[in-house]
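Could you work out the structure for the sequence below:
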Amino acid sequence: MPLPTVGILGMGYLGRQLLNQLPGEQFCWGTSQQQTPETNFVKKSVSPIVFKWESPSSWFNLPNEPATLVLTIPPIFKEVQKEVERLHDWGQWMNRERPQLRKMVYISSTGVYPSENGTWRENDVFEPDHTAGKLRFETEKILNQYFQTHVVRPGGIYGPDRHIGQRLLKQKPVPGGERPVHRIHVADLANIVQHLIAKDSSPQIVNAVDKNPATSNEVVTWLLQSDLLKLPPGLSVSYQNRAIKSGEVRYKATKARFISNQLLLQEIKYHLQFPTYREGFASIFQSKIKS
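As a prediction, this is how the structure comes out:
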């Protein structure tokens, strides 16, 4: 059975990875905010479609043919109500003008879960306790009114050319604190998205996190001790505390806040290519050494 056409809204880090991992025979298209994309965009004769989510005049550029959409674009506005209104406008336009674009995989975030200790699962009832989480959570709910959606809530996305080692080498501080950070390698995330595209019976919401949440300090210490990352003489590691916005509890210093991946591993039965940050970073740095 042939796989559906895939339309990737937002050819950023994940969008380009997904494009590169899709089977060669699968037809797909992707959007960019500019006509000339980055050099690693083009594959399988895919030309970018100019699309700016905040610009209604560009919406007409979207193809009017059946496709499963993958939405990777983050919220546009910082105010929740403005974003809600914008999303309703777009959803209504899509239903009216692009009725064949009904299926969607939306890339949300584990940031929707509150900054409270405990293990958070997909079917938990909760309300986000900071603006970034509220924006994502409202987006999930509104998109579900206009599309047949699958929602992926990934942890921190890392991979080649996007990882904590780059911050160290550029002498930028890394996030501090004792809160465990949940991560997912970009290749695993792209594979999970492909699974949801192919399987209509998949769960509506899936947490995409690996098996070993760890603080930034743990990861940095392991990178240095394993000799995968060697800092030039004179460079040292510095840490920063995440700023707490007025009136919010963003990034509260929780030490036991965990995101469950059991639905991903047991129900979907997804086998992680990079089950922990160790395998992920080993692959990144070893590939750089070979190249």
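
Output the longest helix belonging to this protein.
Longest helix in the chain by number of residues, with DSSP state H as the criterion: helix 80-97.

Alpha carbons of stretch 76-92, as PDB, please.
Taking C-alpha atoms only, stretch 76-92 is exported to PDB below (Å, rounded to 0.1, in the frame of the first residue of the first chain):
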ATOM      1  CA  ILE A  76       3.700  32.900  16.300                       C
ATOM      2  CA  PHE A  77       2.400  35.200  19.000                       C
ATOM      3  CA  LYS A  78       3.600  35.300  22.700                       C
ATOM      4  CA  GLU A  79       0.100  36.200  23.900                       C
ATOM      5  CA  VAL A  80      -2.200  33.200  24.200                       C
ATOM      6  CA  GLN A  81      -5.400  34.900  23.200                       C
ATOM      7  CA  LYS A  82      -3.900  36.400  20.100                       C
ATOM      8  CA  GLU A  83      -2.500  33.000  19.100                       C
ATOM      9  CA  VAL A  84      -5.800  31.300  19.700                       C
ATOM     10  CA  GLU A  85      -7.600  33.800  17.400                       C
ATOM     11  CA  ARG A  86      -4.900  33.400  14.700                       C
ATOM     12  CA  LEU A  87      -5.200  29.600  14.800                       C
ATOM     13  CA  HIS A  88      -9.000  29.700  14.500                       C
ATOM     14  CA  ASP A  89      -8.700  32.000  11.400                       C
ATOM     15  CA  TRP A  90      -6.200  29.600   9.800                       C
ATOM     16  CA  GLY A  91      -8.200  26.500  10.700                       C
ATOM     17  CA  GLN A  92     -11.400  27.900   9.200                       C
END
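
Neighbours of residue 210, how many?
Counted with other Cβ atoms under 10 Å, the neighbours of residue 210 add up to 24. Yep, even glycine has a C-beta here, placed from its N, CA and C like the rest.

isn't it right up against residue 275?
Yes. Counting by Cβ atoms under 8 Å, residue 210 touches residue 275, with 5.8 Å between them.

about what we covered before: other SSEs contacting the helix or strand just after the longest helix of the chain?
As assigned by DSSP states H and E, the chain's next helix or strand after helix 80-97 is strand 103-107. When contacts are defined as 3 or more Cβ pairs under 8 Å, 6 or more residues apart in numbering; DSSP states H and E, strand 103-107 packs onto strand 68-71, helix 131-146, strand 148-154, helix 186-198.

Tell me the strands beside the shortest one, with direction?
The one in question is strand 68-71. strand 6-9 (parallel), strand 103-107 (parallel) (DSSP bridges).

Any chance of JSON lines for the ones you listed, columns mean pLDDT?
Output for the strands paired with strand 68-71, formatted as JSON lines (pLDDT from 0 to 100):
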{"stretch": "strand 6-9", "mean pLDDT": "96"}
{"stretch": "strand 103-107", "mean pLDDT": "97"}
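
Surely residue 97 and residue 60 touch.
Yes. Residue 97 lies in contact with residue 60 (Cβ under 8 Å); the separation is 7.4 Å.

Give me the contact list for the longest helix of the chain.
53-54, 56, 59-60, 64, 75-77, 101, 131, 134-135, 138-139, 142-143, 145-147 (Cβ atoms under 8 Å, 6 or more residues apart in numbering).

buried subset of these?
If you count burial by 16 or more other Cβ atoms under 10 Å, the buried members of those come out as 53, 59, 75-76, 101, 131, 134-135, 138-139, 142-143, 146-147.

any idea how far residue 264 lies from residue 162?
21 Å (Cβ to Cβ, to the nearest Å).

And the two? Which one has more around it.
The neighbour comparison of residue 264 against residue 162 (other Cβ under 10 Å) goes to residue 264, with 23 against 14.

nearest spatial neighbour of that one, skipping sequence neighbours?
Closest residue to residue 264 apart from its sequence neighbours, by Cβ to Cβ, 6 or more residues apart in numbering: residue 270 at 5.2 Å.
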